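Engineer: Need the 3D shape of this:
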Amino acid sequence: MKLIFLHGFLSSPLSQKAQDTAQWMREQGLGESFICPTIPMEPEAAANMLRDLLTPLDGDFCLVGSSLGGFFATWAVETFGGRAVLVNPAVQPYHLIDQYLGEQKNYQTGENSPY
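Structural biologist: Numbering: from 1, shown residues only. Modelled structure (predicted):
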């Protein structure tokens with residue numbers, strides 16, 4: 001089984017939660033079972049990335065979703081099976097998106113979003 005950490009909007013695999021989870025998995029001897037992909041800022045690209053990642057796993061995964069990653073984790077479990085743990089999930093991000101219209105900067109990577 002894979003443990004897959006899904007970070008939030010404007011975050012990355014470099015986030016403290018992702019790094020702490022990766023370290024804990026290594027300490028348990030499970031480092032090879034941990035995946036923390038970079039989630040694209042564009043929603044359709046994020047969905048496609050998750051589809052490509054999760055489809056071959058045939059439901060043999062657990063997602064840890066933080067913030068917007070929690071929203072994606074909920075969608076992914078409903079779509080591809082598996083299990084999920086949600087950490088402060090964005091349950092209705094479509095109600096919050098207006099405050100993020102326009103260019104945004106990723107906290108860890110410095111990448112700018114074109115939205």
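
Engineer: May I ask which helix or strand of the protein has the lowest mean pLDDT?
Structural biologist: Least confident element among the helices and strands of the chain, by mean pLDDT, DSSP states H and E: strand 104-105 (a mean of 66).

Engineer: Show me where the protein dips below the pLDDT cut-off.
Structural biologist: The model of the chain has pLDDT under 70 over residues 93-110, 113-115.

Engineer: Could I get the full set of helices for the chain?
Structural biologist: Taking DSSP state H, the helices of the chain run over residues 16-27, 43-54, 68-80.

Engineer: mind checking which of these is nearest residue 62?
Structural biologist: When the helices of the chain are compared by CB to CB, helix 68-80 sits nearest residue 62, at 9.2 Å. For the C-beta atoms, the positions are set from N, CA and C on the backbone; glycine is no exception.

Engineer: Pull out the buried positions in that closest one.
Structural biologist: Residues of helix 68-80 classed as buried by neighbour count (16 or more other CB atoms under 10 Å): 68-74, 76-77, 80.

Engineer: With distance to residue 52 added, can I get those residues in JSON lines?
Structural biologist: Below are the buried residues of helix 68-80 laid out as JSON lines (distance: CB to CB, whole Å):
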{"residue": "68", "distance to residue 52": "19"}
{"residue": "69", "distance to residue 52": "17"}
{"residue": "70", "distance to residue 52": "20"}
{"residue": "71", "distance to residue 52": "19"}
{"residue": "72", "distance to residue 52": "14"}
{"residue": "73", "distance to residue 52": "16"}
{"residue": "74", "distance to residue 52": "19"}
{"residue": "76", "distance to residue 52": "12"}
{"residue": "77", "distance to residue 52": "16"}
{"residue": "80", "distance to residue 52": "11"}
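
Engineer: closest to residue 19 among the residues you listed?
Structural biologist: Relative to residue 19, and with distances defined as CB to CB, the nearest of the buried residues of helix 68-80 is residue 69, at 14.4 Å.
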